[in-house]
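K.L.:
Pasting the sequence and the predicted model now:
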Amino acid sequence: MSLQQDISYERSQGFIGSTMKVMIEGRLPEEDVYVGRTYRDAPDVDGYIFIKSDRPLITGDFVTAKVTGADEYDLTGELTDEPAE
């Protein structure tokens, strides 16, 4: 499991700086972030992308986010007007 975490971390780090299309699944008000999934995130299996946004979003919205950080399983990002890669 430790080896797999290392592999997952390295792969996730490779997404930093890229832009991705994200489907919003909800909001975590205590952390002031929205929770979404990219094309590579299956429900109940994969991680999430956590997005900061001053603009209100609702579940089901598709947005473009630039990935700004990553850990073993999840990404962090911010909204952007750039096209998804």
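P.N.:
Perfect, thanks for sending it.
K.L.:
Could you pull out the buried residues of the lowest-mean-pLDDT helix or strand in the chain?
P.N.:
Scoring the helices and strands of the chain by mean pLDDT, DSSP states H and E places helix 2-13 at the bottom, with a mean of 86. By neighbour count with 16 or more other CB atoms under 10 Å, helix 2-13 contains the buried residues 8, 12. All C-beta spots, glycine's among them, are computed from the backbone N, C-alpha and C.
K.L.:
Which secondary structure elements does that helix sit against?
P.N.:
With contacts defined as 3 or more CB pairs under 8 Å, 6 or more residues apart in numbering; DSSP states H and E, helix 2-13 has these neighbours: strand 62-70.
K.L.:
coming back round to it: note down every partner strand of the following helix or strand past the least confident helix or strand of the chain and its orientation.
P.N.:
Under the assignment DSSP states H and E, the closest C-terminal helix or strand after helix 2-13 is strand 19-28. The pairing partners recorded for strand 19-28 under DSSP bridges are strand 33-37 (antiparallel), strand 62-70 (antiparallel).
K.L.:
Just the C-alpha atoms of strand 19-28, please, in PDB.
P.N.:
Only the C-alpha atoms of strand 19-28 are listed here, as PDB (Å, rounded to 0.1, in the frame of the first residue of the first chain):
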ATOM      1  CA  THR A  19      -6.300  22.600 -16.700                       C
ATOM      2  CA  MET A  20      -9.200  20.100 -16.400                       C
ATOM      3  CA  LYS A  21     -12.900  19.900 -17.000                       C
ATOM      4  CA  VAL A  22     -14.500  19.300 -13.600                       C
ATOM      5  CA  MET A  23     -18.000  18.300 -12.600                       C
ATOM      6  CA  ILE A  24     -19.000  20.000  -9.300                       C
ATOM      7  CA  GLU A  25     -20.500  17.500  -6.700                       C
ATOM      8  CA  GLY A  26     -21.000  19.800  -3.800                       C
ATOM      9  CA  ARG A  27     -19.400  22.300  -1.300                       C
ATOM     10  CA  LEU A  28     -17.600  21.900   2.000                       C
END
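K.L.:
Grab the nearest non-local neighbour of the residue nearest the centre of the chain.
P.N.:
Nearest residue to the geometric centre of the chain (CA atoms, centre = their mean): I49, 1.7 Å. The shortest distance from I49 to any non-neighbouring residue, by CB to CB, 6 or more residues apart in numbering, is to L75 (4.2 Å).
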